[in-house]
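**Q** Using only what follows, build the 3D model:
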Amino acid sequence: MKKFAMVMLVCAMALSGCGSNSDTPKDGEPVQDSQVANDDNAAASPIQVTLNGTTTTKEDKWDELKEGKELLLVDVTLQNNTEETYDFNPNYVYIEVENEKVSCSDLLPAEGETLGSCSLEAGKNTSGIIPFEIEEGTTDYKIYFDDVDNQFEVK
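**A** Okay, the predicted model is just below:
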């Protein structure tokens, strides 16, 4: 009986490690640099994301931006280097501020062409702005691309 109990205990301990990955962040948890792929992945990725520049504004299209907030406008160009159509979603681009993941905003800038969801034909590119709502004066952030198959920092 003791052997049976011991075998069951060992099996339970072995199984408790399965199905759970403590390195995978849950919604709302900060994303660590080690959880995001390095620059080598950006170079090898079939989808190239080029940072054209960033600006901030306090003016959004419908005057819904709250006091103390501003929009960070990330201007990017996407290049599809595959032989298939690529379905892009702006939520694939996010910023990290103080180790917290910030997704793109529903607020649109008063001016500028925003980059929305699109189907990008093989070999083609497209450009546009992806807005992020941030605390006014925020300057320390990193920009990332993550579409499950490709993860890298956008520089």
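
**Q** And the residue nearest the centre of this protein?
**A** What sits nearest the mean C-alpha location of the chain, by C-alpha atoms, centre = their mean, is Tyr94, with 3.4 Å.

**Q** Tell me where this protein has strands.
**A** Under the criterion DSSP state E, strands of the chain are mapped to 47-57, 69-80, 86-88, 93-97, 100-102, 118-120, 125-135, 142-146, 151-154.

**Q** what sits against the nearest residue to Leu115 once chain neighbours are set aside?
**A** In space, and not counting its chain neighbours, Leu115 is closest to Gly128: 2.8 Å by C-beta to C-beta, 6 or more residues apart in numbering. Just so you know, the C-beta spots here come from the backbone N, C-alpha and C atoms, and that holds for glycine as well. Under the criterion of C-beta atoms under 8 Å, 6 or more residues apart in numbering, the contact list for Gly128 reads Asp75, Val76, Glu113, Thr114, Leu115, Gly116.

**Q** Report how many residues lie close to the second one.
**A** The one in question is Val76. 21 (other C-beta atoms under 10 Å).

**Q** Asn52 is in contact with that one, correct?
**A** Yes - between Val76 and Asn52 there is a contact under C-beta atoms under 8 Å: 6.2 Å.

**Q** what touches both of these two?
**A** Ser127.

**Q** Report the beta-bridge partners for the closest residue to Gly137 other than its chain neighbours.
**A** Nearest residue to Gly137, sequence neighbours excluded (C-beta to C-beta, 6+ apart): Glu70, at 7.9 Å. Per DSSP bridges, the residues bridged to Glu70 are Ile134.

**Q** who touches Glu70 in this structure?
**A** Glu70 neighbours (C-beta under 8 Å, 6+ apart): Thr56, Thr57, Lys58, Glu133, Ile134, Glu135, Glu136, Gly137, Thr138.

**Q** Need the pLDDT of the residue nearest to the first one when sequence neighbours are not counted.
**A** On the basis of C-beta to C-beta, 6+ apart, the spatially nearest residue to Thr56 that is not a chain neighbour turns out to be Glu70, at 4.9 Å. For Glu70, the pLDDT comes out at 97.

**Q** In this structure Val102 contacts Tyr94, no?
**A** Yes - with contacts counted by C-beta under 8 Å, Val102 reaches Tyr94, the gap being 6.2 Å.
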